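**Student:** test case, fold it:
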Amino acid sequence: MFPLPILTYVKLGAIALAIFFSAYLGYSFEHSRFLAFKASIVEQTRAKEIQQQVATDEIRKAKDAQIRDINSKLVDAISQLRSRSSIPTKTLNGQDCNGATLSAPDAEVLIRIASRADTIRVGLESCYAQYESLK
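**Tutor:** Residues are numbered from 1 along each chain as shown. Okay, here's the model as predicted:
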């Protein structure tokens, strides 16, 4: 009924079992090494993320401080316009035309435009600084 003796089948079964067991041990060993490697990579990534977030927060705080400074200068400049006449002064052929001869509404518009441009410039500089810090 069996072409080989029963002991041979037992030996072959034991060999197959040993092969599967060693494969399982190798897999579990490599899997544990991989999980340790993955945990170290996650830890390094978290540390780098925290470092980049701190740098980003510092850049944002500096940007916000500059914008507050710009806004305070805007308020000061607009409050100084109250003493200025709202009627434009006439000049001949553009002679003697400078910021001092502008009417209050015109000067206010120009001051607001300049303040807005400064705010955008500060925002752009902070974007560039944040981009450079992430490199």
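**Student:** hey, let's count contacts and neighbours off CA atoms from now on
**Tutor:** Noted.
**Student:** quick one: list the elements packing against the longest helix along the chain.
**Tutor:** The helix spanning the most residues in the chain, taking DSSP state H as the definition, is helix 6-80. Helix 6-80 is packed against helix 104-134, with contacts defined by 3 or more CA pairs under 8 Å, 6 or more residues apart in numbering; DSSP states H and E.
**Student:** next, the buried residues of the helix it packs on.
**Tutor:** For helix 104-134, a neighbour-count test (16 or more other CA atoms under 10 Å) marks 104-105, 107-108, 111-112, 115-116, 118-119, 122-123, 126-127, 130 as buried.
**Student:** relative to residue 113, how far out is residue 106?
**Tutor:** Taking CA to CA, to the nearest Å as the measure, residue 106 falls 11 Å from residue 113.
**Student:** common neighbours of those two, please.
**Tutor:** Listed contacts common to residue 106 and residue 113 are nil; contacts here mean CA atoms under 8 Å, 6 or more residues apart in numbering.
**Student:** returning to that earlier point: and which of the buried residues of helix 104-134 is nearest to residue 34?
**Tutor:** residue 130 (33.7 Å; CA to CA).
**Student:** ok, the closest residue to that closest one other than its chain neighbours - how many residues close by?
**Tutor:** Once flanking residues are discounted, residue 130 sits nearest to residue 56: 6.1 Å by CA to CA, 6 or more residues apart in numbering. Look at residue 56: counted by other CA atoms under 10 Å, it has 19 neighbours.
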